[in-house]
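Visitor: build the 3D model from these lines:
(2 chains)
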Amino acid sequence: MTEPMTGRLAGRMTGRMSERVTGPGTSRVMVLCCPELSAADDGGKREAARVFERVIQMVTEFCPAVEIVEPGVCAFAARGPARYFGGEEVVAGKITAVVTALGVECRIGVADGMFAAGLAAREDAITVVPPGGTVEFLGRRPVSVLTDPELTRLLTRLGIRTLADLAALPVKDVASRFGATGTAAHRLASGFDPRPVAATPPAEDLSVAQEFDPPEDSAEPLVFAAKALAEQMLTGLAAKGLTCVRVQVCARWQDGSEHSRLWRHDGLLTAVQVADRVRWQLDGWGAGRDAPHQAGPGTQRETGGVVLLRLVPDQVVRATGQQLALWGEAAVTDRVARAAMRVQALLGHDAVLRPSLSGGRNASEQVTHTPFWDKREPEYPRDRPWPGQIPGAAPACVFPEPRQALVTDDAGQTVTVSGRCVVSGIPAMLTVTADSPREITGWAGPWPLNERWWDPERASRRARFQLVTSDGRAWLAAVRDGRWQIEAGYW
Amino acid sequence: MEVALAEVRRLRAARLPRVAESALDGDGPGLDETGAFPVVPALRELLPRDGLVRGSVVAVPDSGLLCLAVVAAASSDGAWCAIAGIAEAGLMAGAGLGLDLDRTLLVPDMGTNWPQVVASLLDGCELVLVRPPSRTPVQVRRRLEATLRRARGVLVVAGDWPGAQVRLRVAARGWTGLGDGCGRLRACCAEVVADGRGEAALAKARWLWLPAEDGTIAVADPADIPFGLPGEEPDTGHGGLRVVSGG
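Guide: Numbers count the residues shown, from 1 in each chain, chains lettered A, B, ... in the order given. Model (predicted):
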C-alpha cells in the first residue's frame, strides 16, 4: 500500500510525470493490460473492478504513479522502475510474475509513447519495443488499430493500409482532408501521442471536493455527488477555455485512509463519464452497501463511510472542440438541471429524457429521446422527404411497443391483407388486447410500407390502416406478418 | 388562545418574505398579472382566469391530445414542462400544438416511488403532466399539493384527482375525413366539458376541433360540427349542417 497522498500533491506529481509520458517520442511507457478484466461484461464488472484494484496495488509496489487508462488497462512511466530494477524486461517480468500469482492473465508492452505501448501490450506476454524503434514498430500495424472505424474504412479505400503509409503523408494534406481526427491519427502513426500537453500546469487549484457529514457508506449518493462535482469541475475548466484529459478521483474514509486513482479518457470527459468511473472505482474499493459480504484485501478492514470525495483535473489542455449550437438549443436552467439530476439519482441516468423531432416514416420514429445531459441528435434526419409517412395530424398516443389487436369482418373472420394489398373483408370489429370489442365505423387503407428490406434486422413490411371506432376514437393499425397491431391512437 | 394566535401571526410573518422571494425568482416565463400560465385560445373560455392558475391541479381523465393541449401554450411561452408516467405521449402532436420540445423533460417510467419523482419535477419545471401509476392515497395527494403550492407550478393529472381545481373531459367526439375504405383522418370535433371547484364550479362545455386539420386546436363553429356524434346531438336547428370530409 502506498502512502496516502493529498489530492493537490498527487495532481502535481502525476502532472509532471504525464508530461514525460506523453511528450513526443522520447519517454518510455509501460502498459499493462488484463484482457479478461477489460472484456468483463456488465455482470462481471464488479468482480473485475475488484480484481483489477488488487492488480493496481501490486503494480504500485513497482511504480507509485500508475495511470488507469481504462478498466483492465493501466500505464506508467517505465524509466524510473527500469533504472531501479535493472532493465525494462526485468521489471516487466517481475510484474507479470506478481500479477499472474493473483490468477490474472496480463500482458505488458513497453515503447516510446502510450499508443505504441498499448499496441505492444496486445501482442504478447511481454513486448519491448527498443528505444527509437517505435516508429518502425507502428509502421507495420494496419490502420485498423486506430479506433475510428469510419476513418479506417476511408483510409483503406484510399489505399492507405498501414500506419507507415499514413505517416508518410504530409500532415498538412491529412489535416485538410480529414480534419482534427485525421491530424490526431497522423500524430499517432508518427509516434507522437495524440494530444499536445499544455506546457504549464494551471496555476490555480481547479479541483473540486465535497464533504459528507454524516459519512456516506452507500455507493449511489457518492456517484450522484460525483456527477455534480464533475459538472462543477468541467464548468470551472470551461470558463477558462480548458479541459482535462485525465481526472483524479480521490476519496477519504472515516478512519482517515485515503484512496486515489487517475482515470484517463482520451476524448473529452463528460460529467456522466466521470461519474461512471467513480462508480467503478467505488465498486473496486468495496464502498457499496454490500461491502461487508465481499472478500478482498480492500474490504477486510473497517473503514466506515466516505467523508470526502475530491476530483482533481489532471493534464489540463486547451479545449478545442464541442462548439455549442449557435441558436435553437434552449439553455437548461439550474433549477431544471437540479430536478433532472434528482430524478436521475432515483431512477438512473436513462430515466430522464429530452425529446427532439426526427425524421422517419413511423410515428414512433419521429421523436428521438435522449437522456438528459447527453447530446441531442435526431436519429433520422428531418430534412429528407420520407415517403410513406402518414399524412395529416400526428397521433397523440404513440405506443412505444405496438399493442396487439384483432380486426374482424362481419362474419367474424380475421381481416387479412394479401401480398398485392387486397383486403379479405371489410373491417367491422376492433379488439385491442384485453379491451372489449369496438365497432368500426370508418376505415382507410391498406397503405403498404416496406422499409429497409436490405437490412434483415431492421426490415419491416406492413400494411397500415386508419380506423375509427364507434366510441369516437381513431386508431393507426398495421398488419405485420399476418397479425394486427395498434401503433398509435388519435385521441 | 392569545398565544396561539400570536404564534400563527408570527409564523405567517416569517413565511411571507419567503413567498415573496419565491414569487420573484419563479416569475420568469409565462406569468401574467393574474399569476396564471397562458393556454391556447380555444381553451381559454373553459378555464378560470383564462389560463392555468399557479399552484393549481388540472385533472384530465383521459390522457391524450387534451393533456398536451393544456400545457402547450405555456411551454411555447417559455415554461419548462415535464411529462411523467406517460410513455406513449405523442410529442409530434404536442409540437404541433405549440409544445416546445427543447423545454420538455420526459420520465416515461416513474418506478415505485413516483410521488418523490413528481415532487422533484415540480421543483424544477413550471408544468408537470403526470399519470399516476396507481390510485393516489390522500396523504400523497396532500403532500404533492403542498409541494405544488410552494413551487408555484401547475400539475396536470392525466387521470383522476379528487380536489382538482379544474377537471376537463371529452364528452363526445367524432372524426371526419374517413370513409368506408377511403379518405384519411382529417380533424376531430370534440365536446370538452370543464368543471371543478371554486371559480370553476359552474360546468362549461365547448365544441372544439381537437385537433383541427393543421394539427392545432380551434373552436368549432356549430355549423361545422359533424352530424351524428355519439353523446349529445348538436343543435339541429342549423339547416346547413355539413360533414367536413375529404379524401
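Visitor: and the residue in chain B that chain A sits nearest to, how many residues sit next to it?
Guide: Closest residue of chain B to chain A, Cβ to the nearest Cβ: residue B:124 (2.3 Å). Where you see a C-beta, it was placed from the backbone N, CA and C, and this is true even at glycine. A count of neighbours around residue B:124, defined by other Cβ atoms under 10 Å in any protein chain shown, yields 24.
Visitor: report pLDDT for it.
Guide: Per-residue pLDDT puts residue B:124 at 90.
Visitor: I figured it hits residue A:336, correct?
Guide: Yes. Between residue B:124 and residue A:336 there is a contact under Cβ atoms under 8 Å: 4.6 Å.
Visitor: which residues are in contact with both of the two?
Guide: Overlap of the contact sets of residue B:124 and residue A:336 (by Cβ atoms under 8 Å, 6 or more residues apart in numbering or on different chains) consists of B:80, B:105.
Visitor: could I have stretch B:185-197 exported to CSV, CA atoms only?
Guide: Taking Å, rounded to 0.1, in the frame of the first residue of the first chain, the C-alpha atoms of stretch B:185-197 are listed here in CSV:
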residue,chain,number,x,y,z
LEU,B,185,-58.3,11.2,-40.8
ARG,B,186,-58.5,14.9,-41.1
ALA,B,187,-59.9,16.6,-38.0
CYS,B,188,-61.8,15.6,-34.8
CYS,B,189,-64.6,17.5,-33.4
ALA,B,190,-64.9,17.1,-29.6
GLU,B,191,-67.1,18.5,-26.9
VAL,B,192,-64.9,19.4,-24.0
VAL,B,193,-66.6,19.9,-20.6
ALA,B,194,-64.9,21.7,-17.8
ASP,B,195,-66.0,21.7,-14.2
GLY,B,196,-64.2,21.8,-10.9
ARG,B,197,-64.2,23.7,-7.6
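Visitor: mind listing the helices for the stretch 251-400 of chain A?
Guide: Ranges of helices in the stretch 251-400 of chain A, per DSSP state H, counting those that start in this stretch, are A:271-285, A:297-300, A:334-347.
Visitor: what's the answer for chain B, then?
Guide: With DSSP state H as the criterion, chain B has helices at B:2-26, B:41-44, B:65-76, B:91-97, B:114-124, B:138-151.
Visitor: select from those helices the stretch with the lowest mean pLDDT.
Guide: Ranked by mean pLDDT, those bottom out at helix B:2-26, with a mean of 48.
Visitor: nearest residue to the middle of chain B?
Guide: Geometric centre of chain B, nearest residue: residue B:70, 3.5 Å, by Cα atoms, centre = their mean.
Visitor: quick check: closest non-adjacent residue to that residue.
Guide: Spatial nearest neighbour of residue B:70, chain neighbours left out: residue B:156 (5.4 Å); criterion: Cβ to Cβ, 6 or more residues apart in numbering or on different chains.
Visitor: in this structure the one you found contacts residue B:125, no?
Guide: No. Assessed by Cβ under 8 Å, residue B:156 is found out of contact with residue B:125, at 11.2 Å.
Visitor: quick check: bridge partners of residue A:311?
Guide: Beta bridges link residue A:311 to residue A:208, residue A:249, judged by DSSP bridges.
Visitor: that one contacts residue A:206, doesn't it?
Guide: No. The criterion here is Cβ under 8 Å, and residue A:311 misses it with residue A:206 at 9.4 Å.
Visitor: now for the two: what residues contact both?
Guide: Here residue A:311 and residue A:206 have residue A:233 as joint contacts, going by Cβ under 8 Å, 6+ apart.
Visitor: comparing these two, which shows the higher neighbour count?
Guide: Neighbour count, other Cβ under 10 Å: between residue A:311 and residue A:206, residue A:311 has more, with 27 against 21.
Visitor: what about the strands in chain B?
Guide: B:36-38, B:51-53, B:57-59, B:81-84, B:104-107, B:127-130, B:154-157, B:166-178, B:183-196, B:204-209, B:218-219 (DSSP state E).
Visitor: other SSEs contacting the second one?
Guide: When contacts are defined as 3 or more Cβ pairs under 8 Å, 6 or more residues apart in numbering or on different chains; DSSP states H and E, strand B:51-53 sits against strand B:36-38, helix B:65-76, strand B:154-157.
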